[in-house]
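[1] One predicted model, sequence on top.
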Amino acid sequence: MRQYLITFCAMIFCCSVSFAAPAEWVRGDANCDGDITGTDVTVIWQWITAATPQPCDCEDAMDANGSSGVTVADITYLATYIFQQGPEPPPPFPDCGTETGQDCNENTGDC
Ligand SMILES: [Ca+2]
Ligand SMILES: [Ca+2]
């Protein structure tokens, strides 16, 4: 009987511990709507200048050039990609993904 009780308690413990999957996101999708557009460039600018709060909890999505920080360089990089066929943002792009040590707590767009 005691063995069954221990097994039952172990099952309850294991079932109560949840392991949340890391958020998936796309680099450059700053407003987390699933598209990479000029609006994302504007969102990064507004966030840098503190004009507006971040639209979603995924700072890494605003790091368009993958430098591990969000600066004016990300605005230039993303605008060049969108409007002048510049280089693509580094992964995760164009598909959803994750990154080691990421600063993203919310799935973006269709991820
Ligand atoms: Ca977007
Ligand atoms: Ca950056």
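    Perfect, thanks for sending it. Residues are numbered from 1 along each chain as shown. Ligands and ions are numbered 1, 2, ... in the order given.
[2] Give me the distance between Glu88 and Asp110.
    Glu88 sits 18 Å away from Asp110, going by Cβ to Cβ, to the nearest Å. Just so you know, the C-beta spots here come from the backbone N, C-alpha and C atoms, and that holds for glycine as well.
[3] hmm, I was thinking of Phe19
    Distance, Phe19 to Asp110, by Cβ to Cβ: 23 Å.
[4] Please apply the same query to Asp40.
    Counting by Cβ to Cβ, the gap from Asp40 to Asp110 is 15 Å.
[5] now do Ala73
    Taken as Cβ to Cβ, the span from Ala73 to Asp110 is 27 Å.
[6] Contact residues of the protein facing ligand 1?
    Asp29, Asn31, Asp33, Asp35, Asp40 (Cβ under 5 Å from the ion).
[7] which residues touch the first one?
    The reference is to Asp29. Contact analysis of Asp29 by Cβ atoms under 8 Å, 6 or more residues apart in numbering lists Asp35, Ile36, Asp40, Ala61, Thr108, Gly109.
[8] What about the residues you listed, which are in helices?
    Asp40 (DSSP state H).
[9] By neighbours, which of the contacts of Asp29 wins?
    The most crowded member of the contacts of Asp29, judged by other Cβ atoms under 10 Å, is Ala61 (34 neighbours).
[10] So that one sits against Val26, correct?
    Yes: the pair Ala61 / Val26 is scored as a contact, 6.6 Å apart, by Cβ atoms under 8 Å.
[11] list residues touching both of these two?
    Common contacts of Ala61 and Val26 (Cβ under 8 Å, 6+ apart): Thr108.
[12] could you pull out the helices for this protein?
    2-16, 38-48, 72-84.
[13] which of those helices has the lowest average pLDDT?
    When the helices of the chain are compared by mean pLDDT, helix 2-16 comes last with a mean of 51.
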